[in-house]
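> Pasting the sequence and the predicted coordinates here, then a few questions.
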Amino acid sequence: MMKPTKKQQSPPTTFTTVNKMDNLINVANEDDLHCLHNRLTKSLARAETRSVRVLRMAVISALLLTAGIVSVGVFLYTRNEERQNFTNHFEDSALQVLESFHDMVERSLGSVASLSTDYTSYALHSNSSFPFVTLPDFSLRGSQFRAQSGSHIVHWLPLVQEDQRDDWEDYSAAHRSHIDEEFETDVEYRTKQDYELRGHDVGHHRRLQQPEEEVETPPPRNMTILGDGSGFHPRIWSNGAMVPPGDEPKGTGPYLPTWQRSPVSGQRQGFLNMNWVHAKVIGPGLLDTMLQEKKAVLRNAAVPIPKMLKLMEGNLRISQYREHVEDYIDGLSTFMVYPVFDKFGEDQKLAGVLATNVYWKMLLSHLLPSSSQGIICVVENSFGQEFTYRIDGPEATFLGLGALNDPKYDDLEYSENINAYLQRRAGPRTRAYTTVPLSDSTQYTIRVFPSKDTEEMFVTNKPIVYTVVVLVGFALASFLFLLFSWVVEKRQHIMTAKVVDNAEKMTRTEREMQEFLCHEIRNPLASSLSACCFVTSALNENGDKGLADPGTLKTVREDMDVVNSSLNFINDFLRSMLDIHRAAGNKIKINKAPTDLLQDILEPVSAILYKRVANFQVLVECPENLLVHTDCIRLKQVVLNLVRNSSKFVEHGFIRMRAEVLANDVRLYIEDSGPGMPKDKQQDLFCKYQSSLDSLSQGTGLGLHLCQKLMHSMGGDVWLDPLYDSGIEGCPGACFVLELNSAPLDIESSLPTTDSESEQPNEVVTVVPTAPAVVPVDKPQKDDPVEQRNKDDTDTSCSTSPPSPAPPTMALFALPSAPPLAQPSTSPPTCAVATDTVSKPDANTAAAPASVSTSSPPPAAAADTPGPVLPENLKILMTDDDAVLRKLFTRALKKAAPPSWEISEASSGEAALRLCDEKQEEGSAFDLIFMDMYMASVDKQLLGTETTQAMRAKGIQSTICGLSANDIRDNFLSNGADDFILKPLPCKPAALRETLDRLLQHRHRS
């Protein structure tokens, strides 16, 4: 035996890969990672909880501060707004009161001035001398005066000097009848007015116009009264207000006797010659003031006294206010005395006075609209009097003597002096020719205030209501925020607990997945390592003989079959995981087309299973020409996975593939006579990484999960029938139901028909194998569906060559019983899909070719077809950081491509860019560039996508194909690549030529 050299003793590449994988798998301690992850999670949760609490307190503080500011602002704004509205309203009302009051005073002065002018004018034009002047139609003139001035009575009092007294008494006795005429005129016109107002009830009005019957009292002993019943006093007399009643003594002049009056009361002549100089309404000194100043004088306000109420009521009952006597009887009144002169001019002399009274209630009524309420008017004069009225719209009410306004509104006072106002108005443009001003000896001032009622019209409790609403709103917002914060914190605690729990589950899952991957990959790798050791030892031991020895050649072939089977298992396992990843991301492409379930699905799968020698029957039950609209490849992949799973457990009996149409829905049934499924395993049957139930634990734990994902992607479903029973004692079996959710297609609309076609009666045909055929392990037959599937596509394709024609309606394939296999089949894998189908090699089993019984001899192996024609000259660049992969690819390319091809290698993206630059400098370029995704460089790292993008930026138009073990096709295509291939690249010449031809089509299209 030859001693192996040092170079021969170096571990092969496979050993290095396994060692690297072991180091990567065992680099982390799962328990430490678990504890660290939990500590970090809890620390982050506590920090987040503290942050949430601080933020909650900040938000609550901000809400409280905002609530205080906003509520105070709302209260102040609304309160100020109401106060402003109240102030504006009162200002408008006060100005209106003053203006209206001034207007009334001006009208009164104008009216009495007009009547005074009438007396002077009449005396001048009638050549009469004062005091012997009687103005005609005084009742009518007086009525006009009263209507304009608002007064209820007016008197004409001529000025009688002492030397004129006797002449005056004679004149009055001779002309006293005029008062009776004026009385009749007043009665006549009042009757007409009353008729217009009250209808025909004349008696009522007559009663108002007649004096009340009085108790006759004897006149004073010194008073002269005529005995004719007229009650006339021929002498000037006094009523006893200031001096004793009776005839005025001689030498007490001058006098102001009553001569004319409007309206005339029922006393008629009884009030003539009453001297007003000694009357309280005029007061002492008035005549002297008027003689000196020649101005109008306002007297003090007269307060009603009980003994005068009857007289005042009688005067009101014959005035224009006779219908509302009760409204004015208790009010204050002020007498105004206006001078009458003997002529017009500067040297005019006082000839008499007009005395009229002003009821303050009349002056203050009808000044404001109904919307103005509670306006307080305080009137004060130079006599020391103050009295208060309240104005509510058009009504004025006497409140009493004194200033009865609320002192809290003193700052809102509006006032006006009547004398000052009239003085301002007494300008040349506004004063009449003969109008005289008021005397400064008596002053009247009116002051206007609001009341609480006025304020309450505008200043309400709305500011408080609005403030409470704002506070309630903020309180509700704060409560909702606290509730939300509590819910969020509660949810956060729950989520934190879930995160910790999920983290623990993820850690356990990751640990279990690592253990699963280590177990699933390490075992076939160990088998491959052992087989490689045997091959290396065999070659070293034979020395120069090499493979010339038949026994050594046989052993090497058996060991290489083990390596091939193990690596194919790993490849299928990784592709299954990739398919699951695609299915989870809905990236599996589903191409639906009309599919014959018998010929396209069930018969090809039965042919594949037929080559696996076993002690059971393979049965197919399917109606003829049952077509559905589905993805043939994916459905075949699911069915093949399920039947190959069944083949692991069925020791005797059958595996049956059955199709039927149920309620216009097509279903497939995969039934077997195996040991059945334990109840505790059925719930998690379709979950990932489930442990295998077969005796050898050959499954990857991904197949059923992938089947479910594929069925969902096709719009169907797969489930285990819990009520199924195979009918074989001790073998309950299992039944998987594939629900396609698709109605059967009409064969007439899917396939062309001819007149020569005739219907065949339904029958069951049993095909019995006549002679077994030996299928070589190292060279599968050309038409072998297993080998054909490996050649079709590097993706999870499961297409097969159509088997021999099937019976017309229903086919029943029975496999003859065969002894158990001495070792698992070492033929190449049947399909590069994620299925629990490839048996793990057993290094301890003897290597022997497997014989397979068939229903008929398989067709002879056909010669390899030349495949597509490739160009003679081509420049290819292989970019990968793995030198072994580059060398293997170069070796495979040299076998498949013409020898004239130029093949270059680059270990990084930077190196690939340099080679492309050099080619451009030479005036040429690579035709095809293979670009790996992850590559390491000393200076920096460029991903394959970044390198592709940089090449396109340089204007390189070569066909670029991305390479990776991960499904990142979109990443490469979006960065300028033309195509993408999942590793590993096909190494067989025919498959590699087809791949190259497909890639070169991009160059022709561009």
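That came through, no problem.

> List the contacts of Leu992.
By Cβ atoms under 8 Å, 6 or more residues apart in numbering, the contact set of Leu992 is Ala892, Leu893, Ala896, Leu985, Pro986. For the C-beta atoms, the positions are set from N, CA and C on the backbone; glycine is no exception.

> now swap in Lys462 and tell me
Contacts of Lys462 (Cβ under 8 Å, 6+ apart): Thr78, Glu82.

> same thing but at 6 Å, please
Shown in contact with Lys462 (Cβ atoms under 6 Å, 6 or more residues apart in numbering): Thr78.

> any idea how far it lies from Glu82?
Counting by Cβ to Cβ, to the nearest Å, the gap between Lys462 and Glu82 amounts to 7 Å.

> do the same with Arg176
66 Å.

> do the same with Lys688
74 Å.

> three-state assignment of Ala659?
strand (DSSP: H, G, I helix; E, B strand; the rest coil).

> Going forward, the N-terminal residue is numbered 3.
Let's use 3 as the start, then, which means that last one is Ala661.

> what sits against the residue nearest to it when sequence neighbours are not counted?
Of all residues not flanking Ala661 in the chain, Cys624 sits nearest, at 4.2 Å (Cβ to Cβ, 6 or more residues apart in numbering). Cys624 makes contact with Leu599, Leu600, Leu604, Ala661 under the criterion Cβ under 6 Å, 6+ apart.

> Weed out the non-buried ones from these.
For those, a burial check counting by 16 or more other Cβ atoms under 10 Å picks out Leu599, Leu600, Leu604, Ala661.

> would the second one count as being in a helix?
Yes: with three-state DSSP as the criterion, Leu600 is part of a helix.

> list the contacts for it?
Cys624.

> In the stretch 153-302 of the chain, what residue spans correspond to strands?
156-160, 239-240, 248-249, 262-264, 299-304 (DSSP state E, counting those that start in this stretch).

> quick one: Ile572 from Pro986, how far?
The value you get for Ile572 to Pro986, if Cβ to Cβ is used, is 11 Å.

> do Ile448 as well
Distance from Ile448 to Pro986, by Cβ to Cβ: 114 Å.

> Give me the more crowded residue out of the two.
Ile448 (23 against 15; other Cβ atoms under 10 Å).

> Please identify the helix or strand for that one.
Ile448 belongs to strand 446-451 when assigned by DSSP states H and E.

> Quick check, pLDDT for Gly718.
On the pLDDT scale, Gly718 is placed at 93.

> List just the nearest of the contacts of Leu994 to Pro251.
Leu987 (156.1 Å; Cβ to Cβ).

> Next, that closest one: phi, psi?
Backbone torsions of Leu987, given as degrees, to the nearest 10, read phi -70, psi 150.

> Gly964 too?
phi -80, psi 150.

> got a list of what it touches?
Met933, Gly946, Phe974, Ala979, Phe982.

> Doesn't the fourth one belong to a helix?
No: the assignment for Ala979 is coil, going by three-state DSSP, so no helix is present there.

> surely it meets Thr949?
No: using Cβ atoms under 6 Å, Ala979 is not in contact with Thr949; the gap is 10.0 Å.

> Of those two, which one has the most company?
Thr949 (28 against 24).

> so what pLDDT did the closest residue to the more buried one other than its chain neighbours get?
Among residues not flanking Thr949 along the chain, Gly911 sits closest, at 3.4 Å (Cβ to Cβ, 6+ apart). pLDDT, Gly911: 88.

> ok, Gly911 touching Gln951?
No: the pair Gly911 and Gln951 fails to qualify as a contact (Cβ under 6 Å) at a distance of 10.1 Å.

> More neighbours: which of those two?
Gly911 (26 against 17).

> May I have the phi/psi pair for the more buried one?
Per degrees, to the nearest 10, the backbone of Gly911 is at phi -70, psi -40.

> Spit out the contact partners of it.
Neighbours of Gly911 in contact, by Cβ under 6 Å, 6+ apart: Met937, Leu944, Thr949.

> any idea how far Met937 is from it?
6 Å.

> circling back to that earlier point, could you measure from the residue nearest to Thr949 over to Ile962?
The gap separating Gly911 from Ile962 is 12 Å, by Cβ to Cβ.

> before we move on, what about Ile572?
From Ile572 to Ile962 the distance is 28 Å (Cβ to Cβ).
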